[in-house]
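A.B. asks: what would the 3D arrangement of this be:
(3 chains)
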Amino acid sequence: MSEVNREQAPVLETRGLGISFGGLKAVQDFNIKLCRGQLAGLIGPNGAGKTTVFNLLTGVYEPTEGSVILEGEVLNGKKTHQFVAAGVARTFQNIRLFRQMSVLDNVKAAFSKDIKYGMAAALFRTPAYWKAEAEVEAKALDLLEIFHLREKADAPAASLPYGQQRKLEIARALATDMKVLLLDEPAAGMNPTETAELVECISLVRERFGIAILLIEHDMSLVMKLCERITVIDYGQTIAEGGPEEIATNPRVIAAYLGENDGEEDESLA
Amino acid sequence: MGVFLQTLFVGLRLGSVYALIALGYTMVYGIIRLINFAHGDFIMVGGYTLFFTVPLMVAAGLPAWTAVVIAVIVCALVGIGVELIAYRPVRKKGTNMTALITAIAMSLLLENLAQAIPAIGPNPKIAGTFFSTGGFQIAGVTLDYVTIYTIVISAVVMLLLYVFTQKTKIGRAMRCVSEDKGAAILMGISVNRTVLITFAIGSGLAAVAALMYIAQYPSIYTTLGSLLGLKAFVAAVVGGIGIVPGAMLGGIVIGLVESFSMAYISSSLTDTFVFLILILVLLVKPAGILGKNVGEKV
Amino acid sequence: MKKAVKRGYIVNTVVLAAVYALCVVLAAALEGNDNFKLTIVPSIWQCCYLIILAASLNLVLGFMGQLSLGHCGFMAIGAYTAALMSLAFQRAGVYDEKSGAVFILIMIACAICAGLLAAVFGVLLGIPALRLKGDYLAIITMGFGLIIVNVINNLPFAGQNGLAEGTAAASLYATGLGFGSTAKVTYLWFAIAVTILCVALMFMYIRSKYGRAVRAIRDDEIAASASGINTGYYKVLTFAFSAFFAGIAGAVYACCNSSLSTSSFSFTNGSILNSTFVVVMVVLGGMGSLTGSVVSAVIMFFLNYQIGNGSWVHSLPGFIQSIFAYPMLVYALVLIVIIMFRPKGIFGTYEFSLLRTPGELVRLLKRHGGGKKAAGGKEAAAQ
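C.D. replies: Below is the predicted model:
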């Protein structure tokens, strides 16, 4: 399946993407192609620039070199919400929920850009308002259903346990009706059961929505299990790119993770 | 030319006072990220302390300005008190918003508490003279001693403060805490103590500023500090909040803007220009003239 | 679910209309009563504009999480706009007596224009100010409050000494919107209707996609923009929306005062009408609860009135009386006590609802006393 997909035109593509802060080149010459339905991983040691790549891909930072292209449209210089409107959604390494809002409202808020009624309709409760609100409510509940969060729809987001907060963040990202989903360490801080559930969720999302997913993850077993393509960066530079097998045996990757004197610890990556 | 020079000196004098007050704002903001709205009212406290202590000093045969020592001590104590009673407990459990609202409440409290004290009351008091009157002529312009003293004293104070923050152990601790509170704790710096010292120094500076201001405008009233403080805060923001040289620069800029708009445009619209400058600077350089832009980490 | 929501709206509307009708009937019945005319009616008028003002600030402070300290600046714009407009109409000979359909229309037009102009200023101020974070916003809005007073003072037709000709007191009272005590009774319905309408509209606003977006921005601005919310747009929109209602509050203020002077809107004055006092109202009621703002506006007005006029004050010990001579001191203390011990205010983010609140109240009572069981059962059955 991945072979076929790679022949298609990519949904998200970067060409020579890079950013410097002052004199420091945090990321340079980053190239990636993501196709519909593809699940790719972005790995690298701490401080390698993974989250910076995500920030470039979502318009939090403006690249100093290169470009981000979504379905042929160059997104450079746009604001984050315009990236989202174009079809790139993300989650955050340190969970960022709307903590005081209910679980349901968290998801509904992410539908905002697709709700068409205007101010007058909202203030005077016209039929258009009721129709749109009912639709959003149904869609949001559907999303919560997928992540088994429906029973908690009215609870404040901050009251959810950690694992469910992560899931809610993914549900919220999905509500933006995106083409590419960027997951920043979705399994961070999760116990094995929660991680297993998460893996299930991600696979389900991918099948059901047919979107491209790029994830940053430290849990190697998860990356190797889920991702078809893996990009490895270190010190802002891409040091390897390929399938899980290639990556696990790539000497540069092993060197980056374990220091120069590598050897018998290949398995730790697999 | 004469008018220009006169205006320039007035601007520098005002600017020096603003700079001294702005330093207090900027130091506190740098260390706990809070606009200390009550800072302006420390000036008022300083003003009244001067008013009450000057006669004592004169009676003791000392020059009037020595009263400033007592004023500095009183202001420092008030600053420490405000931090201990109000800010610290709120900072512990509240958000930025609640801390900010507490600061506003403290400002109101100080202003109105002063009014409720019988010896002070709602009517303005007139302070005596602090410095010898008169002055000398430069290029056809009379430069009075008050102006010279104000500019010189604040320059010296600012220089001392700069040396203090750069060279002394406490100064280093202050810079550490404002840079990274967590790391400062790990380095064995007592954050609470450092914050207290910062409050004490900032408030003490407000007392010195009070002396300068009152030497020029001798009327003392309970809301004396509110507009003065606000403009000084504007100065701190314009220069770059949290940065000591920024406060000095911002103070001078605001002082000049005020004096020149007063002399050349309209005396009743001065405050408007001060705030227009603020809006302008923030639009062009949101972190202030000397500030560095630091975005929130994602 | 949706049906229940709709039913809630219908019930609320009907009950509101009924209460409103009751008020109007009561007002008509009490018209001759001196106490009613001279004390109660002016108090209701004051409560009306305070309610609108507090609720509108809550949109920014409570729902959007941005501290605005210049809200009375918008109110001043509204008050002056309404007063000057009505005066212009009067001078142009459009109306002569403060009665009749034409006058009512003019009153409504003045209020709407007052709101619109304030909203325009809200946009103008909001665009630069809202690019900045909390602290800076507080300062800029505070500066705005000062500038507005400053500018109005310098307008040749609205200076400190009044509007155009003569003193403000004379010109407004005699000709413009400013109502005497009889007219205040006559137009009490107007004040109450405007208040209900404004609060209802604000409520609709926060219970729509706009409100969700704004609350999302309050909770996490970065996540909000990563969820496709145009944070800049919603912030400026909400700021202007809030300014609109502050402007209307100003128009109501212009109606119930016989004179206008900028000093009543300035940042530091001892009177009830300054931006800090409004912040106290919002914080006391609960940042994020319109119900809270309405209730606390009334409470604060009552407190303010009682401190100033209550006869019980004289029976208090001397030192408390001397504190009460400076009401702002009391409010400052109130504010500090709330922030320290109940930062979320009286209501937190709770909103009153005719359908839910009785049931919830009963449950609360049950939990705390175990009493009123029978009543509780009946309520539950009714639901």
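
A.B. asks: list the contacts of the nearest residue to residue A:219 once chain neighbours are set aside.
C.D. replies: Excluding the flanking residues, the one nearest residue A:219 by C-beta to C-beta, 6 or more residues apart in numbering or on different chains is residue A:187, at 4.9 Å. For the C-beta atoms, the positions are set from N, CA and C on the backbone; glycine is no exception. Listed by C-beta atoms under 8 Å, 6 or more residues apart in numbering or on different chains, the contact set of residue A:187 reads A:166, A:194-195, A:198, A:217-219, A:222.

A.B. asks: most neighbours, which of those residues?
C.D. replies: residue A:166 (27 neighbours; other C-beta atoms under 10 Å in any protein chain shown).

A.B. asks: is that residue within a helix or a strand, and which one?
C.D. replies: Per DSSP states H and E, residue A:166 falls inside helix A:162-174.

A.B. asks: show the subsequent helix or strand relative to that helix.
C.D. replies: Heading C-terminal from helix A:162-174, the first helix or strand you meet, by DSSP H and E, is strand A:180-184.

A.B. asks: what separation is there between the closest residue to residue B:262 other than its chain neighbours and residue B:260?
C.D. replies: Take residue B:262 and drop its neighbours on the chain: the residue closest to it by C-beta to C-beta, 6+ apart is residue B:270, 5.1 Å away. For residue B:270, the distance to residue B:260 (C-beta to C-beta, to the nearest Å) stands at 10 Å.

A.B. asks: then residue B:239?
C.D. replies: Taking C-beta to C-beta, one finds residue B:239 at 18 Å from residue B:260.

A.B. asks: so if I had to pick from the two, which one is more boxed in?
C.D. replies: Taking other C-beta under 10 Å, residue B:239 and residue B:260 do not tie; residue B:239 has more neighbours (29 against 17).

A.B. asks: do I have it right that that one meets residue B:232?
C.D. replies: No: taking C-beta atoms under 8 Å as the definition, residue B:239 is not a contact partner of residue B:232, at 10.6 Å.

A.B. asks: check which residues of the helix ranked longest in chain B are buried.
C.D. replies: Once chain B is assigned using DSSP state H, the helix that runs over the most residues is helix B:2-32. Using 16 or more other C-beta atoms under 10 Å in any protein chain shown as the test for burial, helix B:2-32 gives B:6-32.

A.B. asks: same question for stretch C:180-199.
C.D. replies: By neighbour count with 16+ other C-beta under 10 Å, stretch C:180-199 contains the buried residues C:184-188, C:190-196, C:198-199.

A.B. asks: among those, which one lies nearest to chain B?
C.D. replies: Nearest to chain B among the buried residues of stretch C:180-199: residue C:199, at 23.1 Å, using C-beta to the nearest C-beta.

A.B. asks: who's in contact with the closest one?
C.D. replies: Shown in contact with residue C:199 (C-beta under 8 Å, 6+ apart): C:51-52, C:55, C:290, C:294.

A.B. asks: output the one helix or strand residue C:319 maps to as CSV, nothing but the C-alphas.
C.D. replies: Residue C:319 belongs to helix C:318-324 when elements are defined using DSSP H and E. Extracted C-alpha coordinates of helix C:318-324, given in CSV (Å, rounded to 0.1, in the frame of the first residue of the first chain):
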residue,chain,number,x,y,z
GLY,C,318,-16.3,55.6,64.7
PHE,C,319,-13.4,54.1,63.0
ILE,C,320,-15.6,52.1,60.6
GLN,C,321,-17.5,55.3,59.8
SER,C,322,-14.3,57.1,59.0
ILE,C,323,-13.4,54.2,56.6
PHE,C,324,-16.8,54.5,55.0
